[in-house]
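1. I'll drop the sequence and a predicted model, then ask my questions.
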Amino acid sequence: MTQPLSPVKTHQPLLLRAVVLFFVIVTFLAPSVLAAPKIIVISLDGGSSRIVEDYLARGVLPSNRGIGLLRRKGFFAGRSIVTTPSLTAVSHIAMATGSTAVHNDIPSNTFSLLASPFLTTESGFGAPIGGYDLAGLAPSANPTAFPLWHSLRAAGKTVVTATWPGGDGVDVRVPGLPSPSPIIQPSSVRTVDYTVPFGEFGGVGGSGFVLTATDFSAAPSTTVDQLTAAGKQSFSPVLQKTSELEHFTVGGVSYSIQVAALDTTNDRKVNYDTLVFFDSTNGIKPGPFTLPSTGPAYVKASDKKSSPFFLEGSPKKGGCAFYVTVLAADLSTVHIARYSVDDIPPNAPVQASVDDINSNVGFWADQDDFRFPERINPGLTAFSDQELEAISEDQLNTFVDYQTRLALRAIDQNHDADVVYVYIEEPDGLEHQYLLTDPRQATNPLDPTSIFPNQDFGKILRYSGHVQHAYQVANEAVGKIMDAVSHNGKLESNVIVVSDHGFDPFFTSVSAGNLLATAGIPSTKVRAVTSGPAVNFYISLVGREPNGTVLPAEYVTLQQQLVQLVKNFTDTNPAYAGRRGTPLFDIVHARPVPADLNDPSFGRGTDHFIGQDYGDVFAILTTGYNFDGTQSPIVQRLGDPTSTAPVLSVPNFYGAHGYDPQLPDMGALFYAAGPDIRQGFQFNIHNIDLAPTIARILGVKPDNTVDGEVIDGAIKKR
């Protein structure tokens, strides 16, 4: 009779095997359990606290996924009050530095550096953070603000920026000066341990194409043979556009784009359902393809999804995508959209990170392009509104997916990072186009009478769905990132979701140029640089701008004239402004001027409202009005006097931000949960509080330039 095994001898090997198996699984299958970034900050551009709370209350956004889960498990604020003006570049640099725009010297999305020649502009996304030496045209010896990563990295912490504004690895130079223009902020300030810049325009804008059956003929044998080699079968003869679809050049490399039609349905009918796009030089290769290469783009209209198309040989690894909105089975009507060519800037200090993304995520995808729904891109005349809206939806879906995968790659390559900054562009893009919620908004931008009861309510309903979908897609991006740093439903990282501003509908476009002209202010002496509803008026001052023409005495007169103009201009049209009218501007500040006109600081003064590179007059429009959106030709509003140069007109899109940040609708997001985050609620916080709060969690003292305060209620006591 066989003796039973000893219980000790039976269980010890099993226990040992279980322990070994556990460590194998933990090590190779679940790295986030062993290491996850300490803090992940996710910015959802344009996320409105008012809209998110409404969507959560109505179940549009789930309570157990993404933002809803953070709200349930952690800390959230009623709204995050952003810095002035409530614009994307301004707010992101404020969050990164913990300082106001006046101190970090990023006053707008677009403005002018006082060191630049008159008429040149600078992007707020690429401007020197914390100012520069205006007199010496050099980096500032005492910057008025630093990105938080300055303190963190000095303390030995690891920082990742995944397309976060200010993390780009560029040497900032003065625009408009002869080359080589002086560097006023070195790339070292804008480079972290793993830095991925936001993408850039690759030089070829988007376009639409309308084809019919007469544009196609029997495909050449080379096309048929290449399709066969690629494993693609057509049950009707392959047809190809007789001439090239288009020809363009990117970085000195020429591309001749061809398109062929396939019938992939074995239904004994001529039923063309797929288009294949390829470059003549490369032809149709069978694959498999290694990123960033994609091979030809195969697109089915029925899929309602674009296909990426890498431009082989492009110096910056650029690409585009093709989308088919209409594809008749007999090719009688074919509508094609080719998205713009884009790439990730291969700035030398961040080349390794850029190469990693290109090779593992792919070339820079196409973000929401307002030139499609606004019919600015060529070739879109025959496209219906619904087709253009479908393009917006596709760009929303594909770009947020791309940015999410980019973020996940950055996290995967930096499990031990202390802070990962992630930027997601939506829901901002679709809110700009589709926030149609005010009865004064013309639902047909070409028809000023389409307001109030004449609005197209079907369009309003569709547009509401687009905005809702943008929030759902952005929320799912948050959910996927949370999944990557969770184990058994528990967050291993502190995840903080923020946004840069809220949103408001607007119904009137304002022409800054016509505004100045009405007051007789010459454009040779005063220029307006606008971003959304914010404007910086610059006076061409002698001795400040390299080509200044206005003497100090005239400067004072012009500045006073500008202040009176913007303070007193009123919209008196009762259809839009009510019976009492509405002041056009809500906020007005002027650069302080010394009493002595010969004072060396003349034209360079700053105060609590005006920073170094602000305009000589800075102003923000009243909500409902926006400098953007003026159509060409101008469409005048209902009831306005006829004018060849009206200040006010009907815009061609609907949502805006940049208004007074104290307005409830400008309130941004703040939701957080994780190991160091406590459960709680605070009615209001400020976005400049993010930086010192991160520093406190990591035990690092921030720079003394920080204006914000630690959100004590959000952090667990140690």
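-> Thanks, I have the structure now.
2. For stretch 230-244, list the C-alpha coordinates in CSV.
-> Extracted in CSV, the C-alpha atoms of stretch 230-244 (Å, rounded to 0.1, in the frame of the first residue of the first chain):
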residue,chain,number,x,y,z
ALA,A,230,-0.6,42.7,-51.0
GLY,A,231,-3.4,40.2,-50.6
LYS,A,232,-6.1,42.6,-51.7
GLN,A,233,-8.9,41.1,-53.9
SER,A,234,-11.4,43.0,-56.0
PHE,A,235,-14.5,41.3,-57.3
SER,A,236,-15.0,43.9,-60.0
PRO,A,237,-12.2,45.3,-62.2
VAL,A,238,-9.9,47.6,-60.3
LEU,A,239,-10.3,51.1,-61.4
GLN,A,240,-7.9,54.0,-60.9
LYS,A,241,-8.2,57.7,-61.3
THR,A,242,-6.9,58.4,-64.7
SER,A,243,-4.6,61.2,-63.5
GLU,A,244,-3.0,61.7,-60.1
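3. Outline the domain layout of the protein.
-> Taking automatic domain parsing as the reference, the chain has its domains at 200-343, 508-656.
4. tell me which residues in stretch 347-361 are buried?
-> For stretch 347-361, the neighbour count (16 or more other C-beta atoms under 10 Å) marks Asn347, Pro349, Val350, Ser353, Val354, Asp356, Ile357, Asn358, Val361 as buried. Quick note: C-beta positions are derived from backbone N, CA and C, even for glycine.
5. what about stretch 433-440, start to end distance?
-> End-to-end distance of stretch 433-440 (C-alpha to C-alpha, to the nearest Å): 16 Å.
6. As CSV, the buried residues of stretch 347-361 with pLDDT would be great.
-> Listed next are those as CSV, based on pLDDT from 0 to 100:
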residue, pLDDT
Asn347, 97
Pro349, 98
Val350, 98
Ser353, 98
Val354, 98
Asp356, 98
Ile357, 98
Asn358, 98
Val361, 98
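7. Name all residues that make contact with the nearest residue to Val270 once chain neighbours are set aside.
-> Leaving out its chain neighbours, the residue that sits closest to Val270 by C-beta to C-beta, 6 or more residues apart in numbering is Ser236, at 4.8 Å. By C-beta atoms under 8 Å, 6 or more residues apart in numbering, Ser236 lies in contact with Asp263, Val270, Asn271, Tyr272.
8. just the buried members of the residues you listed?
-> Buried among the contacts of Ser236 (16+ other C-beta under 10 Å): Asp263, Tyr272.
9. thinking again about what came up before, so the residue nearest to Val270 belongs to a strand, correct?
-> No - assigned with DSSP: H, G, I helix; E, B strand; the rest coil, Ser236 falls outside any strand and is coil.
10. Make residue 1 into 43 and carry on from there
-> Yep, numbering from 43; the last one is Ser278 now.
11. what about it, distance to Asp305?
-> 4 Å (C-beta to C-beta, to the nearest Å).
12. Give me the mean pLDDT for stretch 493-503.
-> Mean pLDDT, stretch 493-503: 98.
13. What are the buried residues along that stretch?
-> Neighbour counts over stretch 493-503 (16+ other C-beta under 10 Å) mark Ile493, Gln497, Asp498, Lys501, Ile502 as buried.
14. and the domains of the chain as TSV, adding distance to Ile453 and mean pLDDT?
-> What follows is those, written out as TSV (distance: least, C-beta to C-beta, whole Å; pLDDT from 0 to 100):
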stretch	distance to Ile453	mean pLDDT
domain 242-385	18	97
domain 550-698	31	97
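15. if we can go back for a sec, export the buried residues of stretch 493-503 to CSV and tack on distance to Glu431 and secondary structure?
-> Listed next are the buried residues of stretch 493-503 as CSV, based on distance: C-beta to C-beta, whole Å; DSSP: H, G, I helix; E, B strand; the rest coil:
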residue, distance to Glu431, secondary structure
Ile493, 21, coil
Gln497, 17, coil
Asp498, 13, coil
Lys501, 9, helix
Ile502, 13, helix
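16. for these, which one is nearest Leu430?
-> For those, the minimum distance to Leu430 (C-beta to C-beta) is 12.1 Å, reached by Lys501.
17. okay, now the residue lying closest to that closest one once chain neighbours are set aside: neighbour count?
-> Leaving out its chain neighbours, the residue that sits closest to Lys501 by C-beta to C-beta, 6+ apart is Thr485, at 5.0 Å. Residues lying near Thr485 (other C-beta atoms under 10 Å) number 18.
18. and Thr485, what pLDDT?
-> Value for Thr485, per-residue pLDDT: 98.
19. so how far is Phe545 from it?
-> From Thr485 across to Phe545, the span is 18 Å (C-beta to C-beta).
20. Likewise for Leu503?
-> Between Leu503 and Phe545 the computed distance is 18 Å (C-beta to C-beta).
21. go on, Glu429?
-> Glu429 sits 25 Å away from Phe545, going by C-beta to C-beta.
22. Out of those two, name the residue with the larger neighbour count.
-> Between Glu429 and Phe545, Phe545 has the larger neighbour count (other C-beta under 10 Å), namely 27 against 19.
23. my guess is the more buried one contacts Leu478, does it?
-> No - between Phe545 and Leu478 there is no contact under C-beta atoms under 8 Å: 11.9 Å.
24. Which helix or strand contains the closest residue to Asp542 other than its chain neighbours?
-> Closest residue in space to Asp542, ignoring its immediate chain neighbours: Ser133 at 3.5 Å, by C-beta to C-beta, 6+ apart. Per DSSP states H and E: Ser133 is located in helix 130-139.
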